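Asker: generate a structure from the sequence data that follows.
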Amino acid sequence: MLVLRYKNKYGGKTMIKEMKYPLTARRLRQAMAEKNITASQLASRAGLSNASISQYYNGAHTPSDSAAEKMGKVLG
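Answerer: You can find the predicted model right below:
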């Protein structure tokens, strides 16, 4: 099981959340690092919401085909 550890911005407690789609998250992080692009920049350039990019980046959700295509155009 892969988990994501982060600090809660309100209480400062360390939170642990299971990554449902770790491979998608890992590939997205790698592509973003190679292109030196932030999540906010990717969202803006791909026409997606910051929340969607965050969910893909953290492995909570996997992108739809259309969202993956949009991100691929930016990162490709």
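
Asker: may I ask which helix or strand of the protein has the lowest mean pLDDT?
Answerer: The weakest-scoring helix or strand in the chain, judged by mean pLDDT, DSSP states H and E, is strand 3-7 (a mean of 57).

Asker: skipping its backbone neighbours, what lies nearest Thr24 in space?
Answerer: Thr62 (5.0 Å; C-beta to C-beta, 6 or more residues apart in numbering). C-beta: built from backbone N, CA, C; applies to glycine.

Asker: from Asn36, how far off is that neighbour?
Answerer: Thr62 is 24 Å from Asn36, where distance means C-beta to C-beta, to the nearest Å.

Asker: these two - which one has more neighbours?
Answerer: Taking other C-beta atoms under 10 Å, Thr62 and Asn36 do not tie; Thr62 has more neighbours (15 against 7).

Asker: thought Pro22 was touching that one, still the case?
Answerer: No - assessed by C-beta atoms under 8 Å, Thr62 is found out of contact with Pro22, at 10.5 Å.
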